[in-house]
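>>> Coordinates for the following, if possible.
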Amino acid sequence: MKILIFEDEPLAQERIKQIIDKFRPNWEIVGTSQSIKDSRLLLQNNQSIDLIISDIHLADGNCFDVFENQNRKIPIIFLTAYDQHALQSFDHYCIDYVLKPLQEKRLIDAFEKFEELCVSQEGKSNENALLNQVIEKLNGKKFKKRFLTKVGNKMLFKEVDEIAYFYAEDKIVYLKEIGSSKKYIVNFSLEELENQLLDPSIFYRINRSVIINLEALIEMKSYHNGRLKLIVQSSDDMDLIVARERVGHFKDWINQ
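Next up is the predicted model:
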């Protein structure tokens, strides 16, 4: 089984390789790339490819540009930090659509779907069923509209449009209110907020400790080591820095 990996984050690329080496040691990774240009060259130079694992947002743009005008039907497992491209991915022989942060079991499940479709006599039916599952998932997904917080002995709700950002400090997660320096404790981890509770078209995790609200963003500035510094509608002096490995994805997200 010959595999290509299109992934612009070195750590994510290495993670995919480790999972393949551990659970599919007979698969051969014949090439990796981080950009649209290099991905196109890999496709041109490798005519016998069984599977592509591709992040949707590469270093120089959207991976769908790689697959335009491709006559070959190569199965693709798409990886991404947000789910708004799910339906578009099925225009490109999508086998599965895996949301980041990448979980080992979830990627292995995608491998199994690929293997089932490769040997199935009803591949087309399976593909349509998978599409229907994705549509049902997207249509049924609900995001939180408000958060219950505690201030002293008082309990109160904060609507999501009142929140400038969430941040973690000393294992406690806070939300910061738009237009003030007030902060409130929330009883969720950043992982739960990012993966389950917040709308990914509005909220983005810029680094390990902070998730920002796009609606609260005022300004972006270049920061040292290829990072970005963000200014939001909140009266505090906390530095909101986009991690270097997330800058490309963050810019794509802003331009969605």
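>>> With residue 143 as the reference, measure out to the closest residue to residue 179 other than its chain neighbours.
Closest residue in space to residue 179, ignoring its immediate chain neighbours: residue 233 at 5.5 Å, by CB to CB, 6 or more residues apart in numbering. Glycine gets a C-beta too; all of them are placed from N, C-alpha and C. According to CB to CB, to the nearest Å, residue 233 and residue 143 sit 21 Å apart.
>>> now do residue 149
Computed with CB to CB, the distance linking residue 149 and residue 143 is 17 Å.
>>> From what I see, the residue nearest to residue 179 and residue 212 are in contact.
No - using CB atoms under 8 Å as the test, residue 233 is too far from residue 212 to be in contact (10.6 Å).
>>> which residues in the stretch 1-150 of the chain form helices?
10-23, 36-45, 64-67, 86-89, 104-119, 123-140 (DSSP state H, counting those that start in this stretch).
>>> for the stretch 151-256 of the chain, same thing?
For the stretch 151-256 of the chain, the helices identified by DSSP H, counting those that start in this stretch occupy 190-192, 247-254, in order along the chain.
>>> Can you give the contact residues for the last one?
Here helix 247-254 makes contact (CB atoms under 8 Å, 6 or more residues apart in numbering) with 8, 57-59, 62, 81-82, 204, 206, 214, 217, 220, 226-228, 242.
>>> Just the CA trace of it, in PDB.
Coordinates of the C-alpha atoms in helix 247-254 are reproduced here as PDB (Å, rounded to 0.1, in the frame of the first residue of the first chain):
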ATOM      1  CA  VAL A 247      -0.200  31.000  12.000                       C
ATOM      2  CA  GLY A 248      -1.000  29.600   8.600                       C
ATOM      3  CA  HIS A 249      -4.200  27.900   9.700                       C
ATOM      4  CA  PHE A 250      -5.200  31.000  11.700                       C
ATOM      5  CA  LYS A 251      -4.900  33.200   8.600                       C
ATOM      6  CA  ASP A 252      -6.900  30.800   6.600                       C
ATOM      7  CA  TRP A 253      -9.500  30.700   9.300                       C
ATOM      8  CA  ILE A 254      -9.700  34.500   9.500                       C
END
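>>> For the stretch 151-256 of the chain, which residues score under the pLDDT cut-off?
Within the stretch 151-256 of the chain, the segments meeting pLDDT under 70 span 256.
>>> Spell out the residue ranges of the strands in it.
For the stretch 151-256 of the chain, the strands defined by DSSP state E, counting those that start in this stretch occupy 154-159, 163-169, 172-177, 183-186, 203-205, 210-213, 217-223, 227-232, 240-242.
>>> If you count neighbours, what's buried in the third one?
So that's strand 172-177. Within strand 172-177, the residues scored as buried using 16 or more other CB atoms under 10 Å are 173-177.
>>> Retrieve the pLDDT associated with the nearest residue to residue 12 once chain neighbours are set aside.
With CB to CB, 6+ apart as the measure, residue 102 is the residue that lies nearest to residue 12, at 6.3 Å, once sequence neighbours are left out. At residue 102, the predicted lDDT confidence score is 86.
>>> what number of residues lie near residue 102?
Other residues within reach of residue 102 by the criterion other CB atoms under 10 Å amount to 18.
>>> Look up how far residue 9 lies from the residue nearest in space to the middle of the chain.
Centroid check for the chain by CA atoms, centre = their mean gives residue 81 as the closest residue, at 0.6 Å. Computed with CB to CB, the distance linking residue 81 and residue 9 is 10 Å.
>>> got it, and residue 21?
For residue 21 relative to residue 9 (CB to CB), the value is 18 Å.
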